[in-house]
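Asks: next comes the sequence, and after it the predicted model I'd like to discuss.
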Amino acid sequence: MPDGASTVTADLEVISAAHFAWEAAYEGACRAPTALSAALPKLSCMTKTVSDQIVERLHAWGVRRVFGYPGDGISGVMGALSRLADKVEFIQARHEELAALMATAHAKFTGQVGVCIATSGPGAIHLLNGLYDAKADHQPVVAIVGQQARAALGGEYQQEVDLLSLFKDVAGEFVQMATVPAQVRHLIDRAVRIALDQRTVTCVILPNDLQREKAAEEPPRLHGTVHTGIGKTVQPNRPDPGQLRAAADLLNEGRRVAILAGAGALHATDELIDVAERLGAGVAKALLGKAAVPDDLPFVTGTIGLLGTQPSSEMMERCDTLLMVGTNFPYSEFLPPEGQARAIQIDVDGRRLGLRYPAEINLVGDSRLTLEALLPLLHRKTDRGWRRDIEDNVARWWDVLEDRAMDDAQPLNPQRVIWELSPRLPDDAIVTCDSGTAAALYARDLKLRRGMMGSLSGGLGAMGSAMPYAIAAKFAYPDRPVIALAGDGAMQMNGITAMVTLAHHWRKWSDPCLVVLVLANSDLDMVTWEQRGTEGEPRSEGSQVLPGFAYAEYAKLLGLRGIRVDKPLSVGLAWEEALVSDRPTLLEMVTDPNVPPVPPHVSSNQVRHYARALLHRDPQALELVKATAKEWWDSMKPHPKD
């Protein structure tokens, strides 16, 4: 190393050591006051800092938990979190991306604002993927990020990043940097209020020197100052009677009504069921709305789209009226062709109305309140033929899925792994799921019942969400069982590091049940099938094959339970064992990558591409042909409902 570089490195080490020594002295003095307190610059231990004010303001907004990772760019706030730990709990993630995903999951499962925190530079950058997950799924999340000292900004200082520009897209509704203490109150208030009101991501940037300044709890009553408050916002959430009457008339005229429910209808279960019963309609669900209505109802067709079901696809192809409730489902090819169905859409955000299908009537309002107001205006349909057709198709579909789940595979059929879970799910279970093949199995094969919750990264489809979602769900509901469904690709991406967080915290929870399923097939399976079905390319060994990893043994090393399963008859028993374990359990299910995730309808283009991939000597060609033939026969052979 050149002498100059050695000198710079040594100087940085001295500065860093001095910085952390000062921090430790300050924190120690505040916990156990001594003569040292008087010697510390500017602040006594009784002086409320900007950082203290931020933590207290978050607490006043109802925040009880933040997720993040420390660093010197955010040390002031970290110190305040330590001093005020009885008000706001800090959960240390293994990576800032995991912290942001946890904050997103917290928002999804609680309806409250999620908060994540990171240092300047690389820490702030690491938050972005998780924050985009929140933005894509319209979840209220506030990011609090550190920045270098104000005097250094613009000087290409170490870890200086233009954070206002960096966060301008993901937090486009509100991203601001505090420069004086008098700003802090209104920046935190606006960040939380806008995140909740717009269901989006907001960001507050805090230079590290500002964090230790004396708080301005009440800005001076002068021109150029802002005085905000925490009062709750109450909005009208029900359309006017004229719009409701027009919507009811349209629905009453329809003969074959289909309902599509999304995440915006998760709290409207009873109202969706009542409307469907009145109209003789079937109910399909967007993936984020899977828990909106139970899967065990005979008229619930399941999810829609590439990961959807055949009954949902057929209902959309035949309906003459479509009621879309709280959904932003993006794939128009799975909705009725334009002109086939008259449509009504309900959404709390008017910007998303008429976006996915040309609806005749667009109702701005809360889904539950709007359906509740609509119900008395609807007539019960006396002709139940459409409903009977839907229920017959649903019953037959469940038979098809059971047959597919029981098909032989080498060694385990992944569909069987999920099929065996459904009847064993505890009544109050929370299920989190990763992207990829796990999402397809969650969408089609898993039966969620009333009272259960489930979610995944929907709009962004980010890999690596199942584990941080599960940990956040467990912190929010420590008395409820949580099940995380993940592939081995997601586990190797960040799941095995999140397991460290799980091992660190699980003893705090009143119910230790958290089960992590790993579908271990040594293949990035969903992308492999996409290459075959959409590109006509055989599996690329270099990009698709994953290195081996002993997931169950790794769990044991962390003090958790690990069970490896490679025999079909052991699948159900393993689920039962894991769900009653005295500690979190990882189930390593060794599954067959050649079982195809068949979409509800296969296009001629997909058939051609698939055939071309096989002809191009896909290394698994023979096994693929066998597995595909089994899936096809399961869907074609007679069933009791035929």
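Replies: Noted; the coordinates are in hand.
Asks: in the helix or strand harbouring residue 401, which residues are buried?
Replies: For residue 401, the element it lies in under DSSP states H and E is helix 385-405. By neighbour count on 16 or more other Cβ atoms under 10 Å, the buried set for helix 385-405 is 386-387, 389-391, 393-394, 396-401, 403-405. Every residue, glycine included, has its C-beta placed from N, CA and C.
Asks: could you pull out the helices for the stretch 101-250 of the chain?
Replies: Here the stretch 101-250 of the chain has its helices, by DSSP state H, counting those that start in this stretch, at 122-126, 128-136, 163-166, 181-198, 241-253.
Asks: care to break this protein down by domain?
Replies: 48-212, 241-393, 406-636 (automatic domain parsing).
Asks: next secondary structure after the helix holding residue 401?
Replies: Next helix or strand after helix 385-405 toward the C-terminus (DSSP H and E): helix 414-421.
Asks: and that following helix with helix 385-405, angle?
Replies: Taking axes from the mean of the first three to the mean of the last three Cα atoms, to 10 degrees, one finds helix 414-421 and helix 385-405 inclined to each other by 110 degrees.
Asks: what's helix 414-421 packed up against?
Replies: With contacts taken as 3 or more Cβ pairs under 8 Å, 6 or more residues apart in numbering; DSSP states H and E, helix 414-421 sits against helix 385-405, helix 437-444, strand 514-520, helix 571-579.
Asks: and those as CSV, adding mean pLDDT and distance to residue 350?
Replies: Shown next, in CSV, are the helices and strands packed on helix 414-421 (pLDDT from 0 to 100; distance: least, Cβ to Cβ, whole Å):
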stretch, mean pLDDT, distance to residue 350
helix 385-405, 96, 31
helix 437-444, 96, 29
strand 514-520, 98, 39
helix 571-579, 98, 43
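Asks: could you dump those to TSV with distance to residue 292?
Replies: What follows is these, written out as TSV (distance: least, Cβ to Cβ, whole Å):
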stretch	distance to residue 292
helix 385-405	16
helix 437-444	13
strand 514-520	23
helix 571-579	25
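Asks: which one of these lies nearest to residue 551?
Replies: With Cβ to Cβ as the measure, strand 514-520 is the member of the helices and strands packed on helix 414-421 nearest residue 551 (4.8 Å).
Asks: what's in contact with the helix or strand following that closest one?
Replies: Per DSSP H and E, strand 514-520 leads on to helix 525-530 as the next helix or strand towards the C-terminus. Helix 525-530 is contacted by residues 435-437, 439-440, 487, 489, 519, 539, 544, 593, 596-597 when judged by Cβ atoms under 8 Å, 6 or more residues apart in numbering.
Asks: which of those residues tops the neighbour count?
Replies: residue 487 (32 neighbours; other Cβ atoms under 10 Å).
Asks: and it, backbone torsions?
Replies: Per-residue torsions, residue 487: phi -90, psi 170 (degrees, to the nearest 10).
Asks: list the contacts for it?
Replies: Residues near residue 487 by Cβ under 8 Å, 6+ apart: 434, 436, 437, 438, 518, 519, 521, 524, 525, 526.
Asks: could you find which two of those are furthest from each other?
Replies: Using Cβ to Cβ, the contacts of residue 487 span at most 15.1 Å, a distance reached by 518 and 526.
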